[in-house]
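1. build the 3D model from these lines:
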Amino acid sequence: MGWNFDKTGEVILWGGVSGGVALLLQGLGFSFCSWVFIGCWLLSAAAALQLSCIKVSAAGKAVVVTGCDHGIGHALALHLHQQGFRVFAGCLNDAGEGAARLREQQSDRLIVLPMDVTKQEQLIAAVQEVKLQLPEGEVLWGLVNNAAIMARGYVEWVPLQTYKKMIDVNVLGVLAATKAFLPLIRRARGRVVNMSSVSGVIGTGIMSPYTITKYAVEGLSDCLRQEMRQWGVAVCAVEPSNFNAATQLVTAEGVENQALEMWASMPEVVRSDYGKHHFDRIMRLQRESAQGGEKDLTPVLDALTEALTQRFPRARYRVVDTYYFLKVAAAIHLPEWMFDLLYLPQQTFLSMTSRACNPS
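-> Modelled structure (predicted):
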């Protein structure tokens with residue numbers, strides 16, 4: 001994997017630590033602090049970067065990936081297979097096009113499993129199949145919790161049932177798959193890699209159905225990382241920005257179907273206050289945004305691979321461009337009012353304030 005913002009942040013971190021050491025020495029009366037700063041920064045940053053290059057071998061290791069029908073999961077299954085892992089690719093529809101393309105590899109190291117993460121019986125069957133298919137001396141090294149679904153809409157617009165479905169797949173599905181495979185991974189002292197998102201770090205209006213599930217995945221990752229440390233199991237969260245052009249997690253057709261469902265189920269008072277014109281405008285923007293995002297999944301695949309293969313993995317891998325790097329930093333470090341001033345469109349405040357004062 002090439003240079004990225006994770007490495008940039010690490011270099012900046014060690015620069016800050018080195019600067020603190022230099023200031024402390026200066027306060028104690030030493031006069032060579034600038035050289036100490038430069039030396040400490042170079043040595044600490046080089047050591048951190050060198051440690052990130054130490055990898056574990058894929059030989060004798062298997063990985064389970066959920067959500068391999070298409071998108072990131074499908075691409076990751078093929079990528080890990082090329083890296084030498086035995087891959088168990090969980091597909092919601094094991095008779096579908098995505099599963100068929102995986103089987104075209106005709107490899108005994110790429111096994112397609114039917115896996116709906118919301119169905120406990122399928123997870124139990126998958127665990128048994130993994131045990132059966134693992135050759136003697138091979139271990140289940142990793143689980144990549146990738147399966148997820150997407151919905152968008154204002155909190156007042158989205159039916160409660162949609163939230164329940166999102167939580168069922170994106171949160172309880174992650175938890176169920178983790179609990180199913182964790183005994184095997186724990187004995188191998190392996191890895192659990194949870195596919196999160198920058199939406200698990202930044203709350204964005206109209207994204208609440210997806211965002212709350214990714215915040216939950218972030219919390220689960222932190223808790224499980226602390227619990228598994230005594231077993232030598234690393235737990236990582238991977239946080240991509242917008243790669244929808246490659247994953248098609250959101251499609252124009254899907255947005256249109258969600259819009260019809262939301263408007264049909266919306267209470268009359270909510271319809272009246274927001275108005276059909278405003279609703280249609282927002283949903284049109286969502287349909288248009290379905291064509292946006294990065295088209296190349298390589299940075300995401302690299303981050304997931306590093307999480308599985310680095311000898312000293314990070315707790316989080318942020319796969320972001322400059323815009324999202326700065327936005328995440330602002331969300332974490334700035335007061336909320338300042339973040340809103342920078343990133344929340346002011347016309348939204350104005351239009352909605354006017355609408356609230358003069359409901360139709």
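2. quick one: R318 is in a strand?
-> Yes - judged by DSSP: H, G, I helix; E, B strand; the rest coil, R318 forms part of a strand.
3. could you find the closest non-adjacent residue to it?
-> Nearest residue to R318, sequence neighbours excluded (C-beta to C-beta, 6 or more residues apart in numbering): E239, at 4.8 Å. Any C-beta I mention is one placed from the backbone N, CA and C, and that applies to glycine too.
4. ok, that neighbour to R191 distance?
-> Distance of E239 to R191, given as C-beta to C-beta, to the nearest Å: 16 Å.
5. ok, the two, which is more surrounded?
-> For E239 versus R191, neighbours defined as other C-beta atoms under 10 Å are more numerous around E239 (26 against 23).
6. please, which helix or strand holds the more buried one?
-> Counting by DSSP states H and E, the element that carries E239 is strand 234-240.
7. any idea of the mean pLDDT in that strand?
-> Mean per-residue pLDDT for strand 234-240: 98.
8. and it, which strands flank it?
-> Sheet pairing of strand 234-240 (DSSP bridges) gives strand 191-195 (parallel), strand 316-319 (parallel).
9. export the longest one to CSV, keeping only CA atoms.
-> This points to strand 191-195. This file holds the C-alpha atoms of strand 191-195, laid out as CSV (Å, rounded to 0.1, in the frame of the first residue of the first chain):
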residue,chain,number,x,y,z
ARG,A,191,-8.2,-10.6,13.2
VAL,A,192,-11.7,-9.1,13.1
VAL,A,193,-12.1,-6.4,10.6
ASN,A,194,-15.3,-4.3,10.6
MET,A,195,-16.3,-2.3,7.6
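10. what helix or strand is the closest residue in space to V235 that isn't next to it in sequence on?
-> The shortest distance from V235 to any non-neighbouring residue, by C-beta to C-beta, 6+ apart, is to R225 (3.9 Å). Per DSSP H and E: R225 is located in helix 208-228.
11. buried residues in stretch 184-201, which are they?
-> For stretch 184-201, the neighbour count (16 or more other C-beta atoms under 10 Å) marks 184-185, 188, 190-201 as buried.
12. same check on stretch 90-110?
-> 90-92, 94, 98-99, 101-102, 105, 109-110.
13. in helices, which of these fall?
-> Under the assignment DSSP state H, the buried residues of stretch 90-110 contribute 98-99, 101-102 to helices.
14. out of those residues, who's nearest C53?
-> The nearest member of these to C53, counting by C-beta to C-beta, is L102 at 30.3 Å.
15. the closest one contacts A77, correct?
-> Yes - at 6.1 Å, L102 counts as touching A77 under the criterion of C-beta atoms under 8 Å.
16. common neighbours of the two, please.
-> 68, 89, 110 (C-beta atoms under 8 Å, 6 or more residues apart in numbering).
17. what's across from the second one in the sheet?
-> When bridges are taken as DSSP bridges, the partners of A89 come out as V65, V112.
18. which stretches of this structure have low pLDDT?
-> For the chain, applying pLDDT under 70 flags the ranges 1-3, 32, 346-360.
19. counting residues, which helix of it comes out longest?
-> Longest helix in the chain, counting by DSSP H: helix 5-27.
20. any idea which helix or strand carries V155?
-> Secondary structure assignment for V155, by DSSP H and E: no helix or strand.
21. check contacts around the residue nearest to it when sequence neighbours are not counted.
-> Leaving out its chain neighbours, the residue that sits closest to V155 by C-beta to C-beta, 6+ apart is S208, at 5.3 Å. With contacts defined as C-beta under 8 Å, 6+ apart, the neighbours of S208 are 153-155, 158.
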